[in-house]
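Peer 1: fold the following.
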Amino acid sequence: MSFRPRHTFRPVILDDVRGAQKMLSGVARTTAVEGSRYLTGLVGAPVHFKCENLQRTGSFKLRGAYVRISGLRPEERAAGVVAASAGNHAQGVALASSLLGVRSTVFMPQGAPLPKVAATRDYGADVRLHGQVIEETLEAAEEYARTTGAVFIHPFDHPDVIAGQGTVGLEILEQCPEVRTIVVGIGGGGLAAGVAVAVKAVRPDVRIVGVQAEGAAAYPPSLAAGRPVAVRTPVTMADGIKVGRPGDLPFQIIGELVDEVRTVSEDELSSALLLCLERAKLVVEPAGASPVAALLSDPAAFSAGPVVAVLSGGNVDPLLLQRILRHGMAAGGRYLSLRLRLTDRPGALAALLGTLSVLDANVLDVSHVRTDPRLGLTEVEVELQLETMGPDHCAEVAAALRAEGYAVTVMG
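Peer 2: Got it, this is the predicted structure:
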């Protein structure tokens, strides 16, 4: 995803964020800040979640969209607004427009998850599916704006949008006044920039850490170059931060105010999402779990607590969630694949499964191989995929099977 603004904007200051907070009163929820006992123990300092996944529309995007559309002149409102998005920004624009009585048109890629398309329509937008990739969708939205006069609502590169997202930072200071580190995901940079403006103006001592997915990390090379640099083909499951080029205004703010930008792998994102679901009972999308992934990957780096990790969104497609959870469990050592040989006689497989039952290993799949020329006449090879309780349990299962006389090959 790559968005290229065509305007020079005024700076964003604390008063802008405070004004946005007043504007959003009664519109955006003041989302909860919840403690994480598991991460607190891991990091060695109090860790809290700022639960923007529980915001209206399922992400922080409503905040910036509402402030931006509220600031339109009457003639601009009359022309309507248009946006391009695969999900969270689409829903934020749709709801904000409906609340303000403004007509909205949202272009989404043809492959956008059906639940996100349906939600955007339910919030009142005229949804138009166009293009296979977001760049094509963006071009269609910009063409629509040129031909109809509708105002294009940028997802992150506008002062009003950044001010709206910055209200997350003000809430963190109010809800956790002792905070020393804030960790926030970065795509185009609107949320991180807004949080940095708000927090650093009030508490310059607070460390702000941005997090990007390794496969879509445009900020580290951009900061090194001193200017926005595009990633040609960003690839990550975290579509909420899959942005190929930093926004000009967010880049300037992040370069001045954000203390550090880290990257996390796809395995770390999967593990973080799984942790949020299992330990915190929170449904979080991969982009929203990126701050948790950073904490998991290097807990010692966040010992200056209390730490607040911003869970920026919870809009994850159920099919993607299923794949991510399986990937996260595999990355966490929760699956064990084995190959072993049995005597091909009645009861042999039942005896093996009985042993696994005693070991509390859940059998997900069993495959028999009888035609391999390497097998003896009375042998059968069995491949098993097991669900376990973690790496230690995997080792325990393999050792117990060997102790029972099975020749075990661990495949993964």
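Peer 1: which parts of the helix or strand bottoming out on mean pLDDT in the chain are buried?
Peer 2: Ranked by mean pLDDT, DSSP states H and E, the weakest helix or strand in the chain is helix 318-331, scoring a mean of 78. Within helix 318-331, the residues that count as buried by 16 or more other CB atoms under 10 Å are 321, 324-331. Any C-beta I mention is one placed from the backbone N, CA and C, and that applies to glycine too.
Peer 1: just the closest of the residues you listed to Cys176, please.
Peer 2: Closest approach between the buried residues of helix 318-331 and Cys176, by CB to CB: Gly328, at 27.3 Å.
Peer 1: hang on, Asp259 packs against Ile208?
Peer 2: Yes. Counting by CB atoms under 8 Å, Asp259 touches Ile208, with 5.4 Å between them.
Peer 1: end-to-end on stretch 113-132?
Peer 2: For stretch 113-132, the first and last residues are 12 Å from each other (CA to CA, to the nearest Å).
Peer 1: quick check: mean pLDDT across it?
Peer 2: Across stretch 113-132, pLDDT averages out at 91.
Peer 1: quick one: contacts of it?
Peer 2: Outside of stretch 113-132, the residues within contact range by CB atoms under 8 Å, 6 or more residues apart in numbering are 57-58, 86-87, 90-91, 93-95, 97-98, 103-112, 136-137, 139-140, 144, 315, 317-320.
Peer 1: now stretch 390-399 - C-alpha only, PDB.
Peer 2: The C-alpha trace of stretch 390-399 is given here as PDB (Å, rounded to 0.1, in the frame of the first residue of the first chain):
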ATOM      1  CA  GLY A 390       4.600 -26.600  24.100                       C
ATOM      2  CA  PRO A 391       8.200 -27.400  23.300                       C
ATOM      3  CA  ASP A 392       8.900 -29.200  26.600                       C
ATOM      4  CA  HIS A 393       5.800 -31.400  26.100                       C
ATOM      5  CA  CYS A 394       6.900 -32.200  22.600                       C
ATOM      6  CA  ALA A 395      10.200 -33.500  23.900                       C
ATOM      7  CA  GLU A 396       8.400 -35.400  26.600                       C
ATOM      8  CA  VAL A 397       6.100 -37.100  24.100                       C
ATOM      9  CA  ALA A 398       9.000 -38.100  21.800                       C
ATOM     10  CA  ALA A 399      11.100 -39.400  24.700                       C
END
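Peer 1: pull out the buried positions in it.
Peer 2: Using 16+ other CB under 10 Å as the burial criterion, the residues of stretch 390-399 that qualify are 393-394, 396-398.
Peer 1: chain neighbours aside, what residue packs nearest to the residue sitting nearest the centre point of the chain?
Peer 2: By CA atoms, centre = their mean, the mean C-alpha position of the chain lies nearest to Ala287, the distance being 1.3 Å. In space, not counting the residues next to it along the chain, Ala287 is nearest to Gly240; the distance is 2.9 Å by CB to CB, 6 or more residues apart in numbering.
Peer 1: quick check: the one you found is in a strand.
Peer 2: No. Looking at Gly240 with DSSP: H, G, I helix; E, B strand; the rest coil, it is helix, so not inside a strand.
Peer 1: begin at 37 from now on, thanks
Peer 2: Taking 37 as the first residue, the last one we looked at is Gly276.
Peer 1: where does the protein dip in pLDDT?
Peer 2: Along the chain, the parts satisfying pLDDT under 70 run over 37-44, 169, 364, 406, 408-409, 411-414, 448.
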